[in-house]
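I would like to see how this sequence folds:
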Amino acid sequence: MGRWLLTTTVDPAAYVRSWLEDEDDPLDHSVVGLLGDRVVGTCTLGVRDAMGQPGAIEPHRAAQGSIGFTLDPARHEQGYATELVRAMLDVAFGEVGLHRVTGGCFADNIGSWRVMEKCGMRREQHGIQDSWHAEFGWLDGFTYAMLRTDWLRLRDA
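Residues are numbered from 1 along each chain as shown. Below you'll find the model as predicted:
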């Protein structure tokens, strides 16, 4: 349970509270998956300037993002993670107007890379032992990405 989490000692009640508070933060581009009144998953979006262009002018300012998602292990393989990531891509490319979004995972985390592939993201990188896991040590990692033009094509299909 939670084998791919970076931190495995989590107080579930505090975790849920942290996601439901601070809803008015303009820099918070979070998506929360609710089933009734239960938080079953979360997805975050970090926004940054285009690589090599800190403090750049438009269109390079805040042009790229990186997503991360977590799902209640009891809800794995039910489509919730795919819904969360699709919703976040809609926020990233629609509301925020990003050019490119990336996401990463351990190569052995089949569920995560399948979710990104289902959402139309492409695998761009296979890093050899580039990711540290507290239990398993150095592991390979995958990086996935999507461009705004990819998202528009999928949205309009």
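
where does the protein dip in pLDDT?
1-28, 51-61 (pLDDT under 70).

Could you pull out the strands in it for me?
31-35, 38-48, 64-71, 100-106, 122-133, 137-147 (DSSP state E).

got the contact list for the shortest one?
It stands for strand 31-35. 19-20, 39-43, 71, 75, 80, 83-84, 87-88, 91 (CB atoms under 8 Å, 6 or more residues apart in numbering). (Each C-beta comes from the backbone N, C-alpha and C, glycine too.)

tell me the angle of it relative to strand 38-48?
If you take axes from the mean of the first three to the mean of the last three CA atoms, to 10 degrees, strand 31-35 sits at 170 degrees to strand 38-48.

then strand 31-35 to PDB, C-alphas only?
Listed in PDB are the C-alpha atoms of strand 31-35, where the atom choice follows Å, rounded to 0.1, in the frame of the first residue of the first chain:
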ATOM      1  CA  VAL A  31      -7.200  19.100  -8.600                       C
ATOM      2  CA  VAL A  32      -8.900  17.100  -5.900                       C
ATOM      3  CA  GLY A  33     -10.800  13.900  -6.600                       C
ATOM      4  CA  LEU A  34     -13.800  13.500  -4.400                       C
ATOM      5  CA  LEU A  35     -16.100  10.500  -4.100                       C
END
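
quick one: strands adjacent to that strand?
Paired neighbours of strand 31-35 in the sheet (DSSP bridges): strand 38-48 (antiparallel).

between the partner strand and strand 64-71, what angle do the directions make?
Using the same axes, to 10 degrees: strand 38-48 against strand 64-71 is 160 degrees.

just how off-centre is strand 38-48 within its chain?
How far strand 38-48 lies from its chain's middle: 7 Å, per CA atoms, centre = their mean, to the nearest Å.

and the longest helix for the chain?
Longest helix in the chain by number of residues, with DSSP state H as the criterion: helix 80-90.

which helices and strands does that helix pack with?
strand 31-35, strand 38-48, strand 64-71, helix 110-118 (3 or more CB pairs under 8 Å, 6 or more residues apart in numbering; DSSP states H and E).

right, so of these, which gets closest to Glu95?
Shortest distance between Glu95 and the helices and strands packed on helix 80-90, using CB to CB, is found for strand 38-48: 10.0 Å.

buried stuff in the closest one?
For strand 38-48, the neighbour count (16 or more other CB atoms under 10 Å) marks Val39, Val40, Gly41, Thr42, Cys43, Thr44, Leu45, Val47 as buried.

May I have it exported as PDB, CA atoms only?
Taking Å, rounded to 0.1, in the frame of the first residue of the first chain, the C-alpha atoms of strand 38-48 are listed here in PDB:
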ATOM      1  CA  ARG A  38     -14.100  11.600   0.600                       C
ATOM      2  CA  VAL A  39     -10.800  12.700  -1.000                       C
ATOM      3  CA  VAL A  40      -9.700   9.800  -3.200                       C
ATOM      4  CA  GLY A  41      -6.900  11.500  -5.100                       C
ATOM      5  CA  THR A  42      -5.000  14.600  -5.700                       C
ATOM      6  CA  CYS A  43      -3.100  16.200  -8.600                       C
ATOM      7  CA  THR A  44      -0.800  19.200  -8.500                       C
ATOM      8  CA  LEU A  45       0.700  21.400 -11.100                       C
ATOM      9  CA  GLY A  46       4.000  23.300 -10.700                       C
ATOM     10  CA  VAL A  47       4.400  26.200 -13.200                       C
ATOM     11  CA  ARG A  48       7.700  27.600 -14.300                       C
END
